[in-house]
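**Q** Sequence first, then the predicted structure, then my questions.
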Amino acid sequence: MLDKEIGGYFQLEPELPYTVKRKYREDSNVLETRFETATGSILITESINSTLAGRLPWSELARRIEGVEGHVVVNLRLRLGTAAETRSPWLADTEKGNVFHVADLMAMLRTSEDIELSHFDDEQVIGQLITAPGSRSLVALLATEKEPLAVPELASIDQRIETSHLAWCDWVNSLSYDGLYPLHVKRSALSLKFLWYSPTGALAAAATSSLPEGLESGKNYDYRYAWVRDACLIIKSFVFLGALEDCKAAFSWLTHTIIRHGVKLRACYTLEGGLVPEERLIPLEGYKGAQPVRVGNNARDQIQLSMYGDMLAVAQRFIEAGHVLDIATSRMLGELANCCADHWRQKDSGIWELPEEQHYTHSKMACWLALDRAVAMAQSKHIEPTWLGRWQRERDRIRDWIETHCWSESKQAYLFYVGSEDQLDASVALVHHYGNSVNPQRMLSTYEAILRELGRGTPMLYRYSGVEKEESTFVACAFWLVEAWASMGEVTRAEQAMEAILSTLCDQGNVEIFNEMFDVRTQDWYGNLPQGLSHLALICAAQAVSDAKTQ
C-alpha cells in the first residue's frame, strides 16, 4: 500500500479483465470474493485462521480458490518486502519446503498440487492456476517471528477456514446486544476484534500506518499502537455488546500498562505495553504518492487532559458491567483523579493532538467528567474516598470555569478553545454527560451549531472549523452526535441522523470496514483502517438510540 515498486504483496488475480464483488460471511470475518471474467467465474475465500480454542501460535493466511463457471486463468504472485530497503529476503531449502527469511521473520508459501509455480527465488514466487467448474485449490502463507515455523498439512489449513468461521460465529452469538441496527453493530464488533491483540489484550487504534487523511495534507500517521482514549472507548462498546471477556482483557492490559509506567498518562503505548517509538520518516513512495510515510508517533509525548475523563468514565462502566476492582487498580484510579485535579488548569494538545497547546473546551469538559466519575466511585466505595471532598470542589470549579470562559453568547455555542472566537469542535458531542448535568440548553444549542457549520448540510461532520480545507469528514464525529442527541432526549433527531449516516457509509457496495474519514464530495475513504474509533462510535450510537427509544 505504501510503495507499489518495492512493497511486498501476495496477489491472486484473473488473467483476463474482471469485475469483483466482495462480502464477509454472515457473523464472520471470513471474506468471500467473486471474480467474473469473459470465460468464467471463481470464488476466493480468505481467512486469517484460528482454532476454536483461540489464536494459532503462528500466522496463517489461507486462500481457497473455487471454480464456479467456465474456466479462469488465475495468476499468483508473492513478493517479499524489504522493510523499506533495510532487509534483504533470502530463501532456504528445508525438508519441509522452501522457507523465506526476512531478518527475524520466517514465511512459507504452501500451494495445492494443481497450482503450477513457474518462478521461485529469494524475492518472489510466480505461479498460475486454471479453474474449472467445481474445482477447489488452496494457497496459504505461513509466518512467524523469532520462533520456529510450523508446517501443517494443506488439508488442515483448508479445514481451519471453516473452523475459523465457526469461531467468529460463536463469538458473535455470545454477544448480548439486542438493540437497533443489529447487523451494523455486529459488523463493527467484528471489525474491532481485528484490532484486538490477543497475546496482551491491547487494542490497536488501527491496523495501518500513513494512509493519508487527505492526499496533500501531510497528515499520514502511524496508528498501529494502543491509544488510551481509543482503548477506553472500545472497552465501552464491548460493555454494550456484552463481550465481558474482551472487556476484562482490554481493561486489565490498560491498567497494568499505566501502573507499569507511572500515573503520568501517555497518549499511546505499544501493543506489548511499551513506550511508542519517536516518529521517524521512512523512504517510501507513500499511498498514491502521499508523503511523508511515518513510523512511530510523537503524540506519545503530548499533554492530553481528556484521557483522565476517558479512564475514570470507562472504569465506572467496567464496574457496572459486573467487575470488582483490585486494590492496585482502585488506587491507580484515585491517583489519576488527583492528577486531574492538579493539572486541569493547564493548556494541552486536545483530543485532536494538535501542535498548538490551548485551553480546549473538550479537554476541560473531560476533566469535569473525570472528577464526577471519581466522586461517584468513591461514594460507592470502589475507590478510596479520602479525597472525595476535594474532587467535588474541583469538579465544580471546572464547571464554573467552562461556563465563564468557553461559552460564546454571540455564537450560542461552546467554542473550540478559549479565545477561538467563532470556531467549533465536533468532539464536544463526546462529552454530552457534561451537558446533561450542567447546562442542557447550552449543549443542545452547541450541537445545532456543530451540525450547521461542521456538517455543511450532511450528517457527516468535519472535526473542527476550517479543517475541511485539508481533510474529509471524520466518521466517528457523526456517530458521537447521534449518541449525544439520543442521550439528551432528542430521540427523533438521533434516529434520523443515524439512518442518514448508515445510508451514506454503508450503501457503497463495500464490506463495511470503516476508515477514519469519508469524503462526502467524492465518496472516497481516507485515513487508516480498520479505524477503531469509527466502529466503536457506531456501536455506542446504536446503543444510545436503542436506550432512548425504550425509555
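**A** Perfect, I can see it now.
**Q** Could you tell me which residues make contact with the nearest residue to residue 226 once chain neighbours are set aside?
**A** In space, and not counting its chain neighbours, residue 226 is closest to residue 202: 4.4 Å by Cβ to Cβ, 6 or more residues apart in numbering. Heads up, the C-betas are built off the backbone N, CA and C, glycines and all. The neighbours of residue 202, taking Cβ atoms under 8 Å, 6 or more residues apart in numbering as the test, are 196, 226, 231, 250, 253, 257, 269-273.
**Q** So residue 519 versus residue 479, what's the distance?
**A** Residue 519 sits 17 Å away from residue 479, going by Cβ to Cβ, to the nearest Å.
**Q** Looking at those two, which has the bigger crowd around it?
**A** Taking neighbours as other Cβ atoms under 10 Å, residue 519 and residue 479 compare with residue 479 leading, 32 against 15.
**Q** Over to that one. Which of the three states is it?
**A** Secondary structure, DSSP: H, G, I helix; E, B strand; the rest coil: residue 479 is helix.
**Q** and if you look at residue 21?
**A** Under the three-state scheme (three-state DSSP), residue 21 adopts strand.
**Q** so it touches residue 34, yeah?
**A** Yes - because the distance of 4.9 Å satisfies Cβ atoms under 8 Å, residue 21 is recorded as touching residue 34.
**Q** between the two, who's got more neighbours?
**A** A count of neighbours by other Cβ under 10 Å puts residue 34 above the other of residue 21 and residue 34, at 16 against 12.
**Q** Could you list the buried residues of stretch 61-70?
**A** By neighbour count with 16 or more other Cβ atoms under 10 Å, stretch 61-70 contains the buried residues 62-68.
**Q** can you tell me which of these lies nearest to residue 123?
**A** Using Cβ to Cβ, residue 63 comes nearest to residue 123 of the buried residues of stretch 61-70, at 20.5 Å.
**Q** My reading is that the closest one lies in a strand. Confirm?
**A** Yes - counting by three-state DSSP, residue 63 is part of a strand.
**Q** Quick check, it in contact with residue 140.
**A** Yes - between residue 63 and residue 140 there is a contact at 6.9 Å, judged by Cβ under 8 Å.
**Q** Now for the two: what residues contact both?
**A** Joint contacts of residue 63 and residue 140 (Cβ under 8 Å, 6+ apart) do not exist.
**Q** helices or strands next to the host helix or strand of residue 310 in the packing?
**A** Using DSSP states H and E, the secondary-structure element containing residue 310 is helix 306-320. For helix 306-320, the elements it packs on are helix 228-241, helix 244-261, helix 327-343, helix 361-379, judged by 3 or more Cβ pairs under 8 Å, 6 or more residues apart in numbering; DSSP states H and E.
**Q** Dump those into JSON lines; add distance to residue 451 as well.
**A** Converted to JSON lines, the helices and strands packed on helix 306-320 look like this (distance: least, Cβ to Cβ, whole Å):
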{"stretch": "helix 228-241", "distance to residue 451": "21"}
{"stretch": "helix 244-261", "distance to residue 451": "32"}
{"stretch": "helix 327-343", "distance to residue 451": "30"}
{"stretch": "helix 361-379", "distance to residue 451": "17"}
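**Q** If we ignore the residues flanking it in sequence, what's nearest residue 136?
**A** residue 66 (5.2 Å).
**Q** pretty sure the one you found is in a strand, no?
**A** Yes - assigned with three-state DSSP, residue 66 falls within a strand.
**Q** hang on, it packs against residue 43?
**A** Yes - using Cβ under 8 Å, residue 66 is in contact with residue 43, at 4.7 Å.
**Q** that older thread, now, which of the contacts of residue 202 sits nearest residue 407?
**A** Of all the contacts of residue 202, residue 407 sits closest to residue 231, with 31.2 Å by Cβ to Cβ.
**Q** Beta-bridge partners for the closest residue to the closest one other than its chain neighbours, please?
**A** Using Cβ to Cβ, 6+ apart and skipping residues adjacent in sequence, the residue nearest residue 231 is residue 203, 4.7 Å away. Beta-bridge pairing of residue 203 under DSSP bridges involves residue 196.
**Q** give the contact list for residue 203.
**A** Counting by Cβ under 8 Å, 6+ apart, residue 203 touches 192, 195-197, 226, 230-231, 234-235, 250, 532.
**Q** which residues sit against stretch 528-540?
**A** Stretch 528-540 is contacted by residues 177, 181, 184-185, 188-189, 191-192, 194-195, 203-211, 221, 223, 230, 233-234, 236-237, 240-241, 475-480, 483, 513-516 when judged by Cβ under 8 Å, 6+ apart.
**Q** chain center to it: distance?
**A** Distance of stretch 528-540 from the chain centroid (Cα atoms, centre = their mean, to the nearest Å) equals 5 Å.
**Q** I figured residue 347 hits residue 359, correct?
**A** Yes - the criterion here is Cβ under 8 Å, and residue 347 meets it with residue 359 at 5.6 Å.
**Q** will you turn the buried residues of stretch 61-70 into CSV that also has distance to residue 9?
**A** Converted to CSV, the buried residues of stretch 61-70 look like this (distance: Cβ to Cβ, whole Å):
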residue, distance to residue 9
62, 17
63, 13
64, 19
65, 17
66, 22
67, 24
68, 25
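**Q** Quick check: neighbours of the helix or strand of the chain with the lowest mean pLDDT in the sheet, parallel or antiparallel?
**A** Here the helix or strand of the chain ranked lowest by mean pLDDT, DSSP states H and E is strand 54-55, holding a mean of 88. Taking DSSP bridges as the criterion, strand 54-55 forms sheet pairs with strand 50-51 (antiparallel).
**Q** Quick one: mean pLDDT over the strand it pairs with.
**A** Model confidence over strand 50-51, given as mean pLDDT, is 94.
**Q** again with stretch 434-442
**A** Across stretch 434-442, pLDDT averages out at 96.
**Q** do stretch 17-27 as well
**A** 96.
**Q** okay but residue 383 is in contact with residue 333, surely?
**A** Yes - with contact defined as Cβ under 8 Å, residue 383 and residue 333 form a contacting pair (5.0 Å).
**Q** These two: who's more crowded?
**A** Between residue 383 and residue 333, residue 383 has the larger neighbour count (other Cβ under 10 Å), namely 30 against 26.
**Q** Return the distance of that one relative to residue 340.
**A** Using Cβ to Cβ, we find residue 383 at a distance of 13 Å from residue 340.
**Q** so what's in contact with the two at the same time?
**A** Both residue 383 and residue 340 are contacted by residue 374, under the criterion Cβ under 8 Å, 6+ apart.
**Q** which residues touch residue 31?
**A** By Cβ under 8 Å, 6+ apart, the contact set of residue 31 is 22-25, 45-47, 511.
**Q** Okay, now the unreliable bits of the stretch 201-350 of the chain?
**A** For the stretch 201-350 of the chain, no stretch is flagged by pLDDT under 70.
**Q** Now residue 20: closest residue in space that isn't a chain neighbour?
**A** Residue nearest to residue 20 in three dimensions, not counting chain neighbours: residue 35, with 5.6 Å by Cβ to Cβ, 6+ apart.
**Q** so that neighbour makes contact with residue 44?
**A** Yes - here residue 35 reaches residue 44: they are 7.2 Å apart, a contact under Cβ under 8 Å.
**Q** Could you quantify the relative orientation of the helix holding residue 310 and helix 244-261 as an angle?
**A** Angle between the axes of helix 306-320 and helix 244-261 is 140 degrees (criterion: axes from the mean of the first three to the mean of the last three Cα atoms, to 10 degrees).
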